[in-house]
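Enquirer: I would like the atomic coordinates for the input below:
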Amino acid sequence: MIIIENNFDLLDIDDNKKLQELCDGFVISETPKEGPVGGKNYYNRFFISKNAPNLKDIFAKIVLRTKSSVKKTGTIPCDILLQNTIWLNKVDFDSNKNDNFHYDMCDITTILYLNDDFEGGEFEYIDENNKKIKINPKKNMMIISSNKLSHRVLPVTSGIRYSLICPFDFVIKDKKTLL
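Expert: Now for the predicted structure:
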């Protein structure tokens with residue numbers, strides 16, 4: 001499953017300003033490194049709590065839009081819940097040279113692009129017909145994908161690409177009720 005939305009109405013001027021300040025003050029929490037089971041992280045990441053007071057409204061908007069978009073597909077039979085940690089990815093010429101196709105570990109991932117003043121850095125995925133599809137990120141574009149979508153980020157050739165990554169998990173009811 002992949003959903004692509006140009007969410008020019010999702011964030012207001014204040015939201016964009018807060019996110020720009022986050023990009024301007026980017027602090028590395030994790031650098032590119034080997035990951036579990038032979039995986040590798042090719043991005044510089046800044047981890048953010050979903051409860052960060054100055055970003056709660058932004059995260060709430062992303063959660064609502066993600067739930068609405070996923071519900072429209074009819075492919076997800078249950079609710080989704082935002083994980084505790086969100087991250088800001090910073091991809092530049094030096095940080096992402098060999099991103100292999102991979103699957104995300106969470107059930108659903110929402111990617112919100114925060115800028116488009118860079119070259120390269122396309123989101124590439126393999127569709128159900130085994131065809132490679134490239135998406136050129138634009139500011140305020142949101143991609144929602146399931147953990148069944150094989151994808152990668154192509155190298156940035158100039159500039160810096162910022163994206164906000166929001167991982168979601170399915171909420172599975174453990175008790176049956178009439179409601």
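
Enquirer: can you pull the contacts of the residue lying closest to V27 once chain neighbours are set aside?
Expert: Nearest in space to V27, with sequence neighbours left out and distances taken as Cβ to Cβ, 6 or more residues apart in numbering, is F46 at 5.5 Å. (Glycine included, C-beta is placed from N, CA and C.) Shown in contact with F46 (Cβ atoms under 8 Å, 6 or more residues apart in numbering): L22, F26, V27, I28, S29, W87, L88, K90.

Enquirer: go again with 7 Å.
Expert: F26, V27, I28, S29, W87, L88 (Cβ atoms under 7 Å, 6 or more residues apart in numbering).

Enquirer: check E119 too.
Expert: Applying Cβ under 7 Å, 6+ apart to E119 gives the contacts T157, S158, G159.

Enquirer: for the chain, just list every one of the helices.
Expert: Taking DSSP state H, the helices of the chain run over residues 13-24, 56-73.

Enquirer: please work out which of the ones you listed is packed deepest.
Expert: helix 56-73 (a mean of 16; mean count of other Cβ atoms under 10 Å).

Enquirer: okay, the angle between that helix and helix 13-24?
Expert: Angle of helix 56-73 versus helix 13-24, following axes from the mean of the first three to the mean of the last three Cα atoms, to 10 degrees, is 100 degrees.

Enquirer: now could you export just the CA positions of helix 56-73 as CSV?
Expert: In CSV, the C-alpha atoms belonging to helix 56-73 read as follows (Å, rounded to 0.1, in the frame of the first residue of the first chain):
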residue,chain,number,x,y,z
LYS,A,56,2.0,18.1,19.6
ASP,A,57,-0.5,20.0,17.3
ILE,A,58,1.5,19.2,14.2
PHE,A,59,1.7,15.5,15.2
ALA,A,60,-2.1,15.5,15.9
LYS,A,61,-2.7,16.8,12.3
ILE,A,62,-0.5,14.1,10.8
VAL,A,63,-2.2,11.4,12.8
LEU,A,64,-5.6,12.5,11.8
ARG,A,65,-4.7,12.8,8.1
THR,A,66,-2.9,9.4,8.1
LYS,A,67,-5.8,7.7,9.8
SER,A,68,-8.3,9.3,7.3
SER,A,69,-6.1,8.4,4.3
VAL,A,70,-5.5,4.8,5.4
LYS,A,71,-9.2,4.3,6.2
LYS,A,72,-10.2,5.3,2.7
THR,A,73,-8.1,2.5,1.2
